[in-house]
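# sequence and predicted model, in that order:
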Amino acid sequence: MGMLPTVADVLALDTVRRGNPHVVAGADRLDTRVRWVHVGEIADIAHLLRGGELVLTTGVALPGEPGKLAAYVSDLAAVGASGLIVELGRRFVRELPPAVVKAAEEHGLPLITLARETPFVQITESVHARIIDIQLQELRASEQLHEVFTELSVEGAAPAEVLGQVARFSGRPVLLENLAHQVLACDAAGADTGVILANWETRSRSVSPTERTAYDATAGWLVTMVGARGQDWGRLIMFCDAPPTPHDIVLTERAATTLALGRLIERHQESLERQAHGTIIAGILTHAFSDPDEAAARARAVGVPLTGRRLISAVVRLTAPPGTALGEQARLGELAEATAAACREVRFPALVGALDQSRVGVLLPLPPRTAAEATLGALAERLRAAFTSPFVLAAGSVVESVKDVRRSFLEAEQVAEVAVRQPDGRAFYRLPDLRLRGLLHLLRDDARLQTFAERELSTLLAHDAQRHGDLTRILRIYLDAGRNKAVAAQKAHLSRPAFYDRLRRLERVLETDLDDVESCLSLHVALLALETFRRENP
């Protein structure tokens, strides 16, 4: 990002150096920015200036009296001129009158003499070319900003994506919080997230500027409100080690607008808190964080302490198939909100967020001296009361630290997978509740189990495939009915003679006796295993 040249930059230009420049006053102010260069040979030039101009003169029309010369300099300083360059030789032969130098020193106006005659037009051209180039760069950058944020708005990008772009454009850390000073998203731009989030709520409460966008020099924060007018819901904070540039201000305000628009678009979907929680859970599951401490710091910033607690992961899944993808998204959003509300009601701070299109993830720090069963029971009871659609709540093992959370989640997901297919009305499910299915699920990647299932069923599956038959389904119904032929025939919607006929065909294809208990047990286990494989790889 370009910035306007300083007086020192102008003095370094070849066109100026040929004039042999010499700083006679205001040497400590050479870092003043130059907005434009103005050539002027009249005494009352100040009223033509807007501030930021570097004035070039030969001094031919300047007054002789010291008092009027001093007034000329003080007027220039008063309108904010960035400096005065006087070419010696025409009016002032070897040096400037003491009154001019003294006034410039008093007013902190950089004053420079040129000992050699210099074409002013070359100076103005070289400085102006540079200024216009910088303005063009700024224009291009602001157009790029405009494009990027318009695209993010149209896509309804998540807060994390918007913050990612702000961090990329500014190179500075940036954070979004709600009005209760809980962190909704944070991009550390390579800085230490733990340091940024440390003791967040207290630090944030101490910074409360009155304008919608303001820089708090003490904290080094550029703060802008986020929300539609009259309905603010958060603050966007950029961490600056120096006062923010105009570019930083435009950037944060543009980002705040994008976030406000995104919130309006997503009102009906997940709330921002759910998104923030979901991002942290996803980060733990995909190893996105540099270490478990970062995950813990982020969770602490949203009010969920994970350190030094036993942790349990749970997955909530909808069981009834929803009508449309959109309906499913909305119901999942409601389920996530209901789960979060249930956690609040039973006073368990927990991370709750959607894991994907069909599952809500919960990471729950167990209260000290509380059994997991009691906690899950209380949670399930509240959730059943509040959320009417059918769902299963499945939990993984209790783990001792954030780094083992992933394992607990994978287990909860596996339990949910099995429980969704055969829910039996329990308040919640854990691995021991799944019994044989749970065992087969855990062994599903084992080649020995796959070989066993193939050996038991391959001839039957091949027979059905070739003849578009349904003998596998008949076998399943028969075994599920506890080998009660009358019940099985009814479930298969067949007359008994027709059903008996199918069983005889089954026995021929399998070359086995279906009255033999052990053969049936083997076939049943093989069928359950097959289902497990198919679920993993539909």
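That came through, no problem. Numbering: from 1, shown residues only.

# where along the stretch 51-200 of the chain do the helices fall?
For the stretch 51-200 of the chain, applying DSSP state H, counting those that start in this stretch gives helices covering 66-78, 98-107, 120-155, 159-170, 193-197, 200-205.

# chain center to stretch 360-369, what's the gap?
Distance, stretch centre to chain centre, for stretch 360-369: 23 Å (C-alpha atoms, centre = their mean, to the nearest Å).

# buried sites along it?
For stretch 360-369, the neighbour count (16 or more other C-beta atoms under 10 Å) marks 360-366 as buried. Just so you know, the C-beta spots here come from the backbone N, C-alpha and C atoms, and that holds for glycine as well.

# immediately after the host helix or strand of Leu376, which helix or strand?
Using DSSP states H and E, Leu376 falls within helix 372-386. Next along the chain after helix 372-386, taking DSSP H and E as the criterion, comes strand 391-399.

# and after that next one, which helix or strand comes next?
Following strand 391-399 in sequence order, the next helix or strand is helix 405-421 (DSSP H and E).

# show me what whatever helix or strand comes next after that following helix is packed up against.
Reading on from helix 405-421 to the C-terminus, the next helix or strand found by DSSP H and E is helix 435-442. Applying 3 or more C-beta pairs under 8 Å, 6 or more residues apart in numbering; DSSP states H and E, we find helix 435-442 packed against helix 405-421, helix 517-536.

# give me the contact list for helix 435-442.
For helix 435-442, contacts defined as C-beta atoms under 8 Å, 6 or more residues apart in numbering pick out 414-415, 417-418, 422, 431-432, 434, 449, 525, 528-529, 532.

# ok now stretch 416-431, how far from the chain's centre?
For stretch 416-431, the distance to the chain centre is 33 Å (C-alpha atoms, centre = their mean).

# can you list the buried residues in it?
For stretch 416-431, a neighbour-count test (16+ other C-beta under 10 Å) marks 416-420, 428-431 as buried.

# and the end-to-end length of it?
Its start and end residues considered, stretch 416-431 measures 9 Å (C-alpha to C-alpha, to the nearest Å).

# quick revisit: would you turn the helices and strands packed on helix 435-442 into CSV with mean pLDDT and distance to Arg116?
Converted to CSV, the helices and strands packed on helix 435-442 look like this (pLDDT from 0 to 100; distance: least, C-beta to C-beta, whole Å):
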stretch, mean pLDDT, distance to Arg116
helix 405-421, 88, 74
helix 517-536, 87, 84
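
# most packed of the ones you listed?
Greatest average neighbour count among the helices and strands packed on helix 435-442 goes to helix 405-421 (a mean of 21), per mean count of other C-beta atoms under 10 Å.

# now do that one and strand 391-399, the angle between them.
Here helix 405-421 runs at an angle of 150 degrees relative to strand 391-399 (axes from the mean of the first three to the mean of the last three C-alpha atoms, to 10 degrees).

# list the contacts of helix 405-421.
Residues outside helix 405-421 that contact it (C-beta under 8 Å, 6+ apart) are 281, 284-285, 287, 311-317, 319, 355, 359, 361, 363, 392, 394-399, 426, 429-431, 433-434, 437-438, 441-442, 531-532, 535.

# between helix 517-536 and that helix, find me the angle.
Angle, helix 405-421 to helix 517-536, by the same axes, to 10 degrees: 120 degrees.

# helix 405-421 vs helix 435-442, what angle?
Angle, helix 405-421 to helix 435-442, by the same axes, to 10 degrees: 130 degrees.

# now helix 405-421, how far from the centre of its chain.
Distance, stretch centre to chain centre, for helix 405-421: 26 Å (C-alpha atoms, centre = their mean).

# next: stretch 118-128.
Using C-alpha atoms, centre = their mean, the offset of stretch 118-128 from its chain centre is 48 Å.

# residue contacts, the spatially most central residue of the chain?
For the chain, the residue nearest the mean C-alpha position is Ala160 (1.4 Å; C-alpha atoms, centre = their mean). By C-beta under 8 Å, 6+ apart, Ala160 lies in contact with 185, 187, 275, 279.
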